[in-house]
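1. After the sequence you'll find the predicted model.
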Amino acid sequence: MKLRHAAFIFLGPELDPEMHRSDIKTPQFTLTSIGVAADNWAQIIKTAKALVVEGVQAIELCAGFGPAGIAKIAEALNHKIPVGGVFYGAESCKSFLDLLKD
C-alpha cells in the first residue's frame, strides 16, 4: 500500500482541532496538520481516532508529546497505523524550553 495520507498533530494553548486544521494536497498525497489543546487528552485521542476513520495512514506528533504521549496514542488506536514523533537533540532542549515559558 502506498502512503497517500499522513497527519501531523501539534500541541498548543487553546487550539481547537475543528478550527486549527489545514491540508496540503498534491494529486498523490495529502498532509493534514491539526492543532490540539495540550491539556485535553480526550480531545487528542478523539482527533487521532477521527484521522484514522478519514483514511490517514500514519500520524506524526510534535515533540511536546514525548515518548509517553506517542505510546498513549498508538495504544488508543490499537496500533492500527504507525504513530511517531518529532524530537529535538540535547543541544536544542534548553532553547526550546525557554520558548515555552510564560
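-> Done, it's in.

2. By residue count, what's the longest helix in the protein?
-> helix 41-53 (DSSP state H).

3. List the contacts of stretch 8-25.
-> Contacts of stretch 8-25 with the rest of the structure, by CB atoms under 8 Å, 6 or more residues apart in numbering, involve 30-38, 43-44, 47-48, 51, 59-62, 64-65. Backbone N, C-alpha and C define where each C-beta goes, glycine included.

4. any idea how far it is from the chain center?
-> From the chain centre to the centre of stretch 8-25 is a distance of 9 Å (CA atoms, centre = their mean, to the nearest Å).

5. Distance across that stretch, terminal residue to terminal residue?
-> Start-to-end span of stretch 8-25 (CA to CA, to the nearest Å) is 14 Å.

6. quick one: the first helix or strand past the longest helix of the chain going along the chain to chain centroid distance?
-> Later in the chain than helix 41-53, the nearest helix or strand by DSSP states H and E is strand 58-61. Centroid separation between strand 58-61 and its chain, computed with CA atoms, centre = their mean, is 5 Å.
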